[in-house]
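K.L.:
Could you look at this predicted model? Sequence included:
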Amino acid sequence: MFEVIFLIVLSGYFVQSVIFLIGAAIKFPKLSEEELPSATVVVAARNEEENIERCLASLDRLEYPEGKLEIILVDDKSTDSTGKLIDGFIAGKEKFKKIVTKKEIGMLKGKTNALANAIEIARGEIILTTDADCEVHPMWAKTTASYYQHDIGAVNGFTTQEAYNGFSGMQAIDFIYLLTVASGTINLKQPISCIGNNMSYRKKAYEEVGGYQNLPFSVTEDFNLLFAIYKLDKYKIILPVNRDALITSKPCTELKSLFRQKKRWSVGGLGVPLRGYLVMTWGFLTNLAILLTPFFYTPVWLYLAVFKIAIDFFVLYPVHKQLGITKNLKYFLYFQIYYTLYVIAIPFVLAANRKVVWKGREY
């Protein structure tokens with residue numbers, strides 16, 4: 001009986017995975033270099049002295065038509081040397097601008113308020129956002145902006161992480177897996193998630209939804225904004241798989257910070273539409289079945305467990321190949337263990353406590 005239930009659950013998981021890949025494989029037309037719109041890159045940084053110079057160096061290498069790109073760095077009330085490091089790096093570089101978060105826009109808090117301050121003064125038609133612990137590809141801004149046909153309202157991208165051992169490698173693969181789900185659903189016009197450290201949108205669309213100040217507070221401000229633009233029913237939203245738009249971030253170095261990251265994303269994810277809960281529920285049931293199978297051991301169980309692992313690899317390999325990061329798949333089994341455990345644990349964690357600690361602030 002258990003094998004039959006497992007097979008039904010696994011069949012649904014397989015169909016769902018195929019849908020994700022179909023959506024992620026969709027290609028989109030691009031503008032020529034002469035047609036590229038003006039763009040503003042925004043980075044909000046709070047106490048990022050260990051990371052900010054790496055981020056700034058990558059932003060300085062961005063390729064974009066002369067005079068069409070500006071980069072706004074927001075020092076979000078840092079108490080370390082983040083501000084001084086920014087000042088030293090951008091001195092004499094005209095495309096860079098630094099502001100310090102002083103004004104509170106509406107009821108906004110933390111990073112969302114910092115972003116809103118920057119967007120308010122941004123001159124670009126397109127806003128691109130990334131984080132201070134990220135390194136962007138030199139073609140990131142140009143590639144992302146090239147997708148802005150007249151009917152496109154937001155373009156999202158893939159982020160991976162530095163992978164140098166099992167702990168960092170499983171996080172890097174997890175990022176790609178979650179963003180493949182995001183890409184598949186967004187490209188099929190049914191968005192359920194995105195990531196703010198590789199996000200872009202028309203400033204006009206941002207203003208049409210009333211900006212961050214007109215949206216309900218969320219610790220995942222990125223999806224809140226994306227879904228508001230989607231609900232305008234006026235623009236297309238896309239998430240192409242393109243290695244030239246890939247961003248690399250720093251992994252969490254300890255379990256405590258990884259736990260807080262996952263909890264923050266999960267709390268923010270509670271605002272997803274019903275389809276998001278269906279995707280999460282199917283993932284929960286499939287991974288729960290994997291965890292329970294040793295208690296119902298039969299030869300059939302082994303085949304089904306291997307099939308589930310094969311499904312995940314089937315989803316991950318083509319996307320990793322397109323992004324040029326197949327080397328990270330050597331950590332695939334670490335990811336399998338990590339993914340199975342956290343997908344099952346998260347609902348119980350949220351049921352117990354939804355408090356979020358983020359950048360030294362509590363929400």
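P.N.:
Looks like it arrived, so ask away.
K.L.:
what are the ranges of the strands in the stretch 201-350 of the chain?
P.N.:
Counting by DSSP state E, counting those that start in this stretch, the stretch 201-350 of the chain has strands at residues 236-238, 247-249.
K.L.:
domain parsing for the chain?
P.N.:
Segmentation of the chain into domains, based on automatic domain parsing, reads 2-22+263-347, 35-260.
K.L.:
Among the ones you listed, which comes closest to residue 28?
P.N.:
If you check each of the domains of the chain against residue 28 by Cβ to Cβ, domain 35-260 wins as the nearest, at 5.6 Å. Using the backbone N, CA and C atoms, a C-beta is placed for each residue, glycine as well.
K.L.:
Rounded mean pLDDT for that closest one, please.
P.N.:
For domain 35-260, the per-residue pLDDT values average out at 94.
K.L.:
re earlier: ranking the strands of the stretch 201-350 of the chain by burial, who's on top?
P.N.:
Among the strands of the stretch 201-350 of the chain, ranked by average contacts under mean count of other Cβ atoms under 10 Å, first place goes to strand 247-249 (a mean of 22).
K.L.:
Against which helices or strands is it packed?
P.N.:
strand 134-136, strand 159-161 (3 or more Cβ pairs under 8 Å, 6 or more residues apart in numbering; DSSP states H and E).
K.L.:
what does that strand contact?
P.N.:
130-131, 133-137, 140, 157-162, 175, 197-198 (Cβ atoms under 8 Å, 6 or more residues apart in numbering).
K.L.:
now those residues: which count as buried?
P.N.:
Listed as buried from those are 130-131, 133-137, 140, 157-161, 175, 197-198; burial here means 16 or more other Cβ atoms under 10 Å.
K.L.:
Pick out the residue closest to the middle of this protein.
P.N.:
Per Cα atoms, centre = their mean, the C-alpha nearest to the average position across the chain is that of residue 195, at 2.0 Å.
K.L.:
Which residue, neighbours along the chain excluded, lies closest to that residue?
P.N.:
On the basis of Cβ to Cβ, 6 or more residues apart in numbering, the spatially nearest residue to residue 195 that is not a chain neighbour turns out to be residue 159, at 5.5 Å.
K.L.:
Enumerate the beta-bridge partners assigned to that neighbour.
P.N.:
Under the criterion DSSP bridges, residue 159 forms beta bridges with residue 247.
K.L.:
Check the contact between it and residue 179; I expect there is one.
P.N.:
Yes: assessed by Cβ atoms under 8 Å, residue 159 is found in contact with residue 179 at 6.8 Å.
K.L.:
Give the residues shared as contacts by the two.
P.N.:
residue 195.
K.L.:
Report the next helix or strand after the one helix or strand residue 114 maps to in sequence order.
P.N.:
For residue 114, the element it lies in under DSSP states H and E is helix 110-121. Remark: after helix 110-121, the chain's next helix or strand is strand 126-131, criterion DSSP H and E.
K.L.:
ok, back up a step: of all the strands of the stretch 201-350 of the chain, which lies closest to residue 88?
P.N.:
Closest approach to residue 88 among those is made by strand 247-249 (23.0 Å; Cβ to Cβ).
K.L.:
And that closest one, how far out from the chain middle?
P.N.:
The gap between the average C-alpha position of strand 247-249 and the chain average comes to 10 Å, counting by Cα atoms, centre = their mean, to the nearest Å.
K.L.:
Distance to residue 117 for the strands of the stretch 201-350 of the chain - can I get that in CSV?
P.N.:
Putting the strands of the stretch 201-350 of the chain into CSV (distance: least, Cβ to Cβ, whole Å) gives the following:
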stretch, distance to residue 117
strand 236-238, 24
strand 247-249, 22
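K.L.:
ok, so what distance separates residue 21 from residue 186?
P.N.:
When distances are taken as Cβ to Cβ, to the nearest Å, residue 21 and residue 186 turn out to be 14 Å apart.
K.L.:
Between these two, which has more neighbouring residues?
P.N.:
Legend: neighbour count by other Cβ atoms under 10 Å for residue 21 and residue 186, higher for residue 186 (27 against 16).
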